[in-house]
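Sequence and predicted structure below; questions after.
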Amino acid sequence: MGPSGAGKTTLLALLAGLDKPTSGRVWLCDEELTALDEDGRAQLRGRHVGFVFQSFHLVSSLSALENVMLPLELAGDGQARRLATEALTGIGLEHRLSHYPKQLSGGEKQRVAIARASVTRPRVLFADEPTGNLDTASGERIAELLFRLNQELSTTLVLVTHDRTLAARCDRVLELEAGRLVA
Amino acid sequence: MSSSLRFSLRTLRRDFRAGELTVLVTAMVIAVTAMTAVAFFADRVGRAVKAQASEVLAADLVIRSARQIDSGILARAAEMGLETARTLSFPTVVISGESSSLAAVQAVSEGYPLRGRLLVAARMFGPAEEAEQVPESGTAWAEPGLLARLDIEPGDEITVGARDFRITRVLQFKPDQSVSFINLAPGLLINIDDIPATEVVRPGSRVTWRQMFAGPEKRIEAFAAKIKPTLQQDASIRGVEEAGEQINAAIDKAQRFLTLASLVTVILAAVATAMAARRYALRHLDTVALLKSIGASQAFVQRGMLVQLIVVVLGTTLAGTLTGYGAQLVLAWILADTINVALPGAAPDTALLGFLTAVTIAVGFAMPHLLALKSTAPLRVLRRDLPPPPLRSGVTYAVAVTALLIMIYLIVRDLAMVLLVSAGLAGMSLLAAAIGWILIRGLARFRGAAGVAWRYGLANISRRGAESVVQIIAFGLGLMVLLLLTVVRNDLLSNWKDSLPEDAPNYFLINIPPEYWTGIADMVDSELGTRPDFLPMIRGRITHIKGVPVAEIDFSSPQGAGFVRREANLSWSARLPASNEVRSGEWWGEQYSGAMQVSLEQGVARSLDVSVGDTIGFNVGGEEFSAPVTSIRFVDWDSFQPNFYVMLSPGEVSELPQTYLSSLYVPPQRRDLLNQLVRAFPGVTVIDMEVIIGQVRQVMDRASMAVQYVFLFTLLAGVTVLLAAIQITRDERRFESALLHTLGASRRKILQGVAVEFIVLGGLAGILAALGATSVGWLLAERVFNLDYTISPTLWLSGLFFGSAIVGITGTLATRKAVNEPPVAVLRDN
């Protein structure tokens, strides 16, 4: 948690190995991120990390199903289609498999994004303001889904948010202010 | 299928459908089309000529001479069992009723042609059949062109000199007909036994004897080796190999020229490709960042981009080569009358050139942008404001331009020419950029001139200054060349016509034997009231220069080599002709009658590398002599007076066989006089200058139409640059017009602003094009043609009109979609 400019996103980027710290070291799933090169970090993310973004970041040229298949295919999983179909069915989107992002509502887009982030059963799921672009009702459904997956897949969920009620549902809340941990 | 392959193909397919690749693909297809169209066409003509080379001679070996061939040679051929035939050809005027025409008469002996076939038809445009024999005595076969000029058909009579012939066939094809770009005299085939009765051939007449031989290759070679040393000096011997050379050289030249013209197209297309690829890459930054954030390696991204590039290259090669094939059909159609030869089908390996073009453009201009994507920071998924990865494209572009130039060089094979054209192009672009910049800066003053749409449009041009300059140049270049080829060419031609004196001679009489002088002079005097002058004309060959036989000289200029290869027309005179000026040395005096001296025209002197004091050896009718060059002359060819490259001093020269030449101005209503002249003095050849100018003009029209056609692709490439630039600014335009909508501007108003922007941009390109075309036109007029050049308002008006119209319409249409999007959707996206 923290106000705009507090460094939440920077911290998330460092944790996921999307960025490199100017000093210090970062470990993720027993590996030292700061010692890996860019491809090494990408590989590590592919194996252990899932992402959910505020602005969904679906690939517009791919259908919902293809978007979910993407991380599996990158990891060379031969069962990509089956697993992705299951994942989308599991979150109630079985009727949207062949729809393209621009044919989906905001809430649906974010559910596809969550399916994509969780389909590889990652050990850590990073979510950057996952409800920030959604109306209250959709936001609640998304939060519900995230915490359900957190339970079902025993995935660590790292959530960046402004929303105190959302934060209150987490096991641990860290507060940032001007780049420092304050609580 | 690997995931990167599948992913990239899927993305490509969707991007293609969404129109993201339209400009890039169109630009590449245009480049491939331009290159392959020229290559297909040149290849077809080249092969047609090669296939004909053995037939061009109508024999395996031909001895050509101005005189009959020594009978010893014929006896030797008979001994060796070779087939022989003989032809005699000369230009002359043929008459039918009230009309007359210059014709290339070829009189042939039994057995002609020894190789190839004669195709004839019973009537004009009738079905062709192979002729079994040569025309019987008293009959003639005429080419369609001759029948048309005389307005006659088979069955009618025609007069050659003192003999009448009945036309029995239409001559459609003879193997040794000239494959030249200018056919001044349509052909007439008669039997060689009829020649004496025509009384046309006299000593010193312009005639060519061809003695033809055919037989097994080995025997022909042995025969050629044996007779070469015994040949008369003025005879030339040609085998199958030499036959096609000259024509090939002409075709080569045409191909080089058209290829260089396509170079401009390819470079503009490359610019459009680079711009479109940059836009494509920018559109994919987010996707690549996302892929990398969920585990894709740099190699994955790179592979994906390469797959896309390969598909684009293959697709554009295929599409471009197909359109190139279609385009060359049009080129062949435009030039059909001019080349005068049946073309074989196109060779598939020309597609390779299309592939090379596509690869060079894709690798050199699109790949740097696409491959730079692999270093996109994955952090972009969280921070969209991160700048795109830096592009080190300067070096790649340089390599790509070099690759393009190498490719062009391989076709053109003239380094100096390629460098000159590219330097010229670069220089012109820089100059155009400077002028474009000034024009755009100048626009600022006019911003307040009209309403808000006007201001918005002009502001857009100034704000995107650099892009506007690129668009103006890209479009202006193509337009400039087209203006040059249409408006400026016509202006120059009419200026030239105006510069001719009213009574410039319009008819030349040649082959006049001395005994006709008085008769002709009297007839012209009584009919037209002027006495014509007669100039001697001697047919001869240059055999030695500075004591060295010409066969041993390696001429640096092809003109020089050509000049000594053929028989030249020499003349002599005591006075320096009116339209001549001595540039170095001294003219012999009017009373001069000493040892023979030579005066050369300056162009010929230069191409033969001869200056005052050098000696030149001649062979005239078998007689050999040499003389020193004592003067070099400038000749004003525009005077239309008869003039000669080589002139000799009076005296001994009068002993040589010669005929006379005269020129006349015959008013149109007195053309009947020419028929009277030809009937009264058989053997005198009348050359109608208007027909010749008409023919030359027709060839020029056709050739420039072909060049215009090739430059049409340049214009199209210019349009793709425009579209690429519009595409780059599309997101910005969408956002801006949405903003203007919300501020209360009507769609109409915004669209008006856009239209103003493109119409003005096109107008600026038009001004630039007109400026360029005027400068080049002025340079050509002043420096090359010595004409006064008047600035033509048509040129400026057409530049402005076509520039504004084409750019205005294309630009507005291409932007309309961005303007028409509902503002809510656009603003929400941002």
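Arrived safely. Numbers count the residues shown, from 1 in each chain, chains lettered A, B, ... in the order given.

longest single helix anywhere in chain A?
helix A:136-152 (DSSP state H).

quick one: average confidence on that one?
Mean pLDDT, helix A:136-152: 88.

Following the chain past it, name the next helix or strand.
Next along the chain after helix A:136-152, taking DSSP states H and E as the criterion, comes strand A:156-160.

What are the buried residues along the next helix-or-strand element following that following strand?
Sequence-wise, the next helix or strand beyond strand A:156-160 is helix A:164-168, with elements assigned using DSSP H and E. Taking 16 or more other C-beta atoms under 10 Å in any protein chain shown as the neighbour-count basis, helix A:164-168 is seen to contain the buried residues A:166-167. Every residue, glycine included, has its C-beta placed from N, CA and C.

could I get helix A:164-168 in PDB with only the CA atoms?
Only the C-alpha atoms of helix A:164-168 are listed here, as PDB (Å, rounded to 0.1, in the frame of the first residue of the first chain):
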ATOM      1  CA  ARG A 164      -7.700  -0.400   1.900                       C
ATOM      2  CA  THR A 165     -10.600  -3.000   1.900                       C
ATOM      3  CA  LEU A 166      -8.700  -5.100  -0.600                       C
ATOM      4  CA  ALA A 167      -5.500  -4.700   1.400                       C
ATOM      5  CA  ALA A 168      -7.400  -5.800   4.500                       C
END
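
what's the average pLDDT for it?
Mean pLDDT, computed over helix A:164-168, is 86.

Same question for stretch B:789-806.
Across stretch B:789-806, the average pLDDT comes to 88.

tell me which residues of that stretch are tucked away?
Residues of stretch B:789-806 classed as buried under the neighbour-count rule (16+ other C-beta under 10 Å) are B:789, B:792, B:795-796, B:798-800, B:802-804, B:806.

Okay, and which of these map to helices?
In helices, judged by DSSP H, the following of the buried residues of stretch B:789-806 are found: B:795-796, B:798-800, B:802-804, B:806.

Could you list which of the residues you listed also contact chain A?
Of the residues in these, proximity to chain A by C-beta under 8 Å from any C-beta of the partner chain holds for none.

I'd assumed residue B:84 was in a strand, is it?
Yes: with the criterion set as DSSP: H, G, I helix; E, B strand; the rest coil, the secondary structure at residue B:84 is a strand.

Identify the residues contacting whatever residue of chain A ends up closest to chain B.
Scanning chain A for the residue nearest chain B gives residue A:46, at 2.1 Å (criterion: C-beta to the nearest C-beta). With contacts defined as C-beta atoms under 8 Å, 6 or more residues apart in numbering or on different chains, residue A:46 is in contact with A:71, A:74-75, A:120, B:294-296.

at 6 Å what do you get?
For residue A:46, the contact set (C-beta atoms under 6 Å, 6 or more residues apart in numbering or on different chains) comprises A:74-75, B:295.

Quick one: buried ones out of the residues you listed?
Among these, those scoring as buried are A:74, B:295 (criterion: 16+ other C-beta under 10 Å).

Include distance to residue B:40, secondary structure and pLDDT when you put the contacts of residue A:46 into TSV, please.
Formatted as TSV, the entries for the contacts of residue A:46 read as follows, by distance: C-beta to C-beta, whole Å; DSSP: H, G, I helix; E, B strand; the rest coil; pLDDT from 0 to 100:
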residue	distance to residue B:40	secondary structure	pLDDT
A:74	45	helix	83
A:75	49	coil	82
B:295	48	coil	85
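
Name the residues of the longest helix of chain A that are buried.
With burial defined by 16+ other C-beta under 10 Å, the residues of helix A:136-152 counted as buried are A:138-139, A:141-143, A:145-146, A:149-150.

try stretch B:297-312
B:297-298, B:300-309, B:312.

and for it, what are the contacting residues?
For stretch B:297-312, contacts defined as C-beta under 6 Å, 6+ apart pick out A:39, A:42, B:4-5, B:7-8, B:12, B:288, B:362, B:367, B:370, B:374.

again, only this time at 7 Å
A:38-39, A:42-43, A:74, B:4-5, B:7-9, B:12, B:25, B:288, B:291, B:362, B:366-367, B:370-371, B:373-374 (C-beta atoms under 7 Å, 6 or more residues apart in numbering or on different chains).

Which members of those residues occur in helices, if any?
Taking DSSP H, the ones among these that sit in helices are A:38-39, A:42-43, A:74, B:4-5, B:7-9, B:12, B:25, B:288, B:291, B:367, B:370-371.

which non-adjacent residue is nearest residue B:507?
Counting by C-beta to C-beta, 6 or more residues apart in numbering or on different chains, residue B:507 lies nearest to residue B:664, which is 4.8 Å off, once chain neighbours are set aside.

Please look at the one you found and residue B:510 and confirm they touch.
No: between residue B:664 and residue B:510 there is no contact under C-beta atoms under 7 Å: 11.8 Å.

which residues does residue B:101 form a beta bridge with?
When bridges are assigned using DSSP bridges, the partners listed for residue B:101 are residue B:94.

That one and residue B:145 touch, don't they?
No: at 8.7 Å, residue B:101 and residue B:145 do not qualify as touching, with contact defined as C-beta under 7 Å.

The two: who's more crowded?
Legend: neighbour count by other C-beta atoms under 10 Å in any protein chain shown for residue B:101 and residue B:145, higher for residue B:101 (23 against 15).

mind listing what residue 93 touches?
In the absence of a named chain, this looks at chain A. With C-beta under 7 Å, 6+ apart as the criterion, the residues that contact residue A:93 are A:64, A:108, A:111-112.

Correction: the question concerned chain B.
Contacts for residue B:93 were tallied using C-beta under 7 Å, 6+ apart; they are B:100-102, B:678, B:685-686.
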